[in-house]
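K.L.:
One predicted model, sequence on top.
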Amino acid sequence: MRTEAPWGRRTLLAIGALALLCVPLLHLSDYTMRVATMTCVYVVAAAGWTLIGGYANQITLGQATMFGIGAYVSTMLFVHFHVSPWIGGPLGAMAAALAAAVIGLLVFRLWGAYFALVTLALAEMVRILVEYAQPITGGPQGISVPFVRNSLWLLQFPEAKDYYEIAALLVILALALARAVQSSPLGYRLRAIRDDEVAAKLAGINVFRTKMIAFMLGAVLTALAGTLYAQITGFVDPDSVLSITLSVQLALYAIIGGAQVWWGPLAGAALLVPLGQAMTGSGSGAGAGLAKIVYGLLLVAIVVIQPLGIAGFVKSLQRRKRAAPSEAIAP
Amino acid sequence: MAVLQALVNGILVGGVYALITVGLTLIFGVLEIVNFAQGEFLMVGMYVAYFSYVALHLDPMLSAVLAFGILFGIGAVLERWLVRRVLRGPEISQIFLTVGISIALQNAALAFFGADFHSVHVPYQTASIFLGPIPISVPYLLAFAWGAAINLVLYFFLVRTDFGRAMRAVAVNTVAATLSGINVSRVRMVAFAIGAGLAGLAGAVILPYAYVYPTIGLQYVVIMFTIAVLGGLGNVNGAVIGSLIVGITQSLSALFLPSALQNLVVFALFVAVLMIKPYGLFGRSHAH
């Protein structure tokens, strides 16, 4: 076992969190702050995928369902009953956790590719139902969040950048949770399941319960990101919050960053969201196409060369550095 | 009467689904990976047929052969350079390699061909023939015929030819196949190429009654997975039965459900079957 100075590391993390909160002091352009805010949203959403997909290797292709539930529940409560997103968001998160419980009940028995495919099919079922329930959800055309006034209580601000502090706080909370889980007994159980589910079961781990806790926690994180997304964009439709494309995108951020570590979603989204925005921002639909080609090729390259993502590269770099002095001593 | 009509439509659609799905099933049977790019191979096949029509006035029923050839080549190259490298890798690589390929293909189509919907005009587009009192749409019938022909050819290929037998041997037991002198990596490459080629062929064949656009693959891919899993991933005959079940379920449920909810019934059936039989109707359990 490697010993580390926990206080030194914690200080470093605290400084990092503080730096994240202080970004607006740099007086960056509105555009940059908008991208930074959206990046935060996707970091939180992808962290939700990491808990179940990365930590436990239960590769779900339906995480958009949780994002969509968060976005739709808070938006519908706001539109139909004037409930503040500060209440609607947590209610959406609870609804997502409930959905995760039902989905988990159905899919945790399944293995590998079957698991991925059924989560995909269930997510499509949710999308079909939301599109069909037009009177309350707005159907395929989606639903707008009417702008009432600039108000913290209504979580409504005129510009995307005004949401930055809240988004950054949510990132800190989400990553703190992901990090806490990683080093907790729950994290050890999840890793045991990832490495060998049968062995984990034989070692006395309640596999079903462990997966369920991780899946529900992840659902809560992704749903909260969904609520924030709805508030920032002021508009929710099935294509943007319930699609297969979004499910894949969230997994992609986590995998490229490193699905097995808490900071993977941060690294992945911080790299890819600005890249995507920059290429899309250049105007035509072709730009969006080109950006996503890069996503696809990066994903291909990562899974072939280093399935542990950026975190895997960092790890092998560290190992090489640590190995170097002993090589120097050896004849 | 309406029920009979729906049943006939269901069988026609099911036959087409069998054509679309059989490649996916073949790839899973031999390589044990789910090809998430199968919908995009279909999309590329549709574009091949579309451009053959625009440039050469080739009927999609004929350019289907061309689409098969092109996708066969693409499949062979992808297997040789990429798929092969993740077959022994972690599950996450096996799933997300083809997801990555599908994202790249989809967006390459978007960047080069634009987001517009395209279709072809063939003389038989709106024609139908009558089976007694029941009208049968000619484009569907032709696609169904292609589907039936391909499934027969594939069946004889797998059962009667040496290479087909080798393919089945690899599907059942890779180690034993290697020991009996089968070139396993070549078999895998050809299986992946045939699977991709069949998706391309299917794309061309459905073009007379479908629009092509960059994300059309997403429309078909979940249905494809549903059928392949219902029939047991890797089981080619099971996929045909799964296709007919899904086709008939869709058209019968259209009688009493709004069309927006058609696929809901199919997916519910899919989830229900897997709850009872976790490896599909005719699937075998794959050792971990």
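P.N.:
Yes, it's here.
K.L.:
Was I right to think residue B:97 contacts residue A:300?
P.N.:
Yes. Between residue B:97 and residue A:300 there is a contact under C-beta atoms under 8 Å: 6.1 Å. C-beta here means a position set from N, CA and C on the backbone, and glycine is covered the same way.
K.L.:
shared neighbours of those two, which are they?
P.N.:
residue B:82 (C-beta atoms under 8 Å, 6 or more residues apart in numbering or on different chains).
K.L.:
Please say which of the two ends up with more neighbours.
P.N.:
Comparing residue B:97 with residue A:300 by other C-beta atoms under 10 Å in any protein chain shown, the one with more neighbours is residue B:97, at 28 against 23.
K.L.:
SS state for the more buried one?
P.N.:
The three-state assignment at residue B:97 reads helix, by DSSP: H, G, I helix; E, B strand; the rest coil.
K.L.:
again, but for the one 5 residues further on
P.N.:
Under the three-state scheme (three-state DSSP), residue B:102 adopts helix.
K.L.:
give the contact list for the closest residue in space to it that isn't next to it in sequence.
P.N.:
Nearest non-adjacent residue to residue B:102, counting by C-beta to C-beta, 6 or more residues apart in numbering or on different chains: residue B:37, 4.0 Å away. Residue B:37 makes contact with B:98-99, B:101-102, B:105, according to C-beta under 8 Å, 6+ apart.
K.L.:
which residues in the stretch 51-200 of chain A form strands?
P.N.:
Using DSSP state E, counting those that start in this stretch, the strands of the stretch 51-200 of chain A run over A:143-144.
K.L.:
near chain B, which residues of it show up?
P.N.:
A:57, A:59, A:106, A:109-114, A:116-118, A:120-122, A:124-125, A:128-129, A:131-132, A:197-198 (C-beta under 8 Å from any C-beta of the partner chain).
K.L.:
so what secondary structure elements neighbour the host helix or strand of residue A:43?
P.N.:
For residue A:43, the element it lies in under DSSP states H and E is helix A:30-49. Under the contact definition 3 or more C-beta pairs under 8 Å, 6 or more residues apart in numbering or on different chains; DSSP states H and E, helix A:30-49 sits against helix A:164-182, helix A:207-233, helix A:244-257, helix A:264-281.
K.L.:
Rebuild these as a markdown table, extending it with mean neighbour count and mean pLDDT.
P.N.:
Compiled in a markdown table, those are given as follows (neighbours: other C-beta atoms under 10 Å in any protein chain shown; pLDDT from 0 to 100):
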| stretch | mean neighbour count | mean pLDDT |
| --- | --- | --- |
| helix A:164-182 | 20 | 95 |
| helix A:207-233 | 25 | 96 |
| helix A:244-257 | 26 | 93 |
| helix A:264-281 | 21 | 86 |
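K.L.:
Residue B:228: which of those helices is closest?
P.N.:
Across those, residue B:228 has its closest neighbour in helix A:244-257 (16.5 Å, C-beta to C-beta).
K.L.:
and residue 229, what does it touch?
P.N.:
Using chain A. So residue A:229 contacts A:41, A:45, A:67, A:70-71, A:236, A:241 (C-beta under 8 Å, 6+ apart).
K.L.:
my question was about chain B
P.N.:
A:114, A:117-118, B:242, B:270, B:274, B:280, B:283 are the contacts of residue B:229 under C-beta under 8 Å, 6+ apart.
K.L.:
Just the buried residues of the helix or strand that contains it, please?
P.N.:
Using DSSP H and E, residue B:229 sits in helix B:216-230. By neighbour count with 16 or more other C-beta atoms under 10 Å in any protein chain shown, helix B:216-230 contains the buried residues B:216-218, B:220-230.
K.L.:
Does stretch B:270-280 reach chain A?
P.N.:
Yes. Contact of stretch B:270-280 with chain A (C-beta under 8 Å from any C-beta) involves B:270-271, B:274-275, B:278-279.
K.L.:
and that stretch, C-alpha only, in CSV?
P.N.:
Extracted in CSV, the C-alpha atoms of stretch B:270-280 (Å, rounded to 0.1, in the frame of the first residue of the first chain):
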residue,chain,number,x,y,z
PHE,B,270,-38.8,-7.4,-25.4
VAL,B,271,-38.3,-6.6,-21.8
ALA,B,272,-40.9,-9.1,-20.7
VAL,B,273,-39.3,-11.9,-22.6
LEU,B,274,-35.9,-11.2,-21.1
MET,B,275,-37.4,-11.2,-17.6
ILE,B,276,-38.5,-14.7,-18.2
LYS,B,277,-35.6,-15.9,-20.4
PRO,B,278,-32.5,-13.8,-19.8
TYR,B,279,-30.8,-15.0,-23.0
GLY,B,280,-33.8,-14.6,-25.4
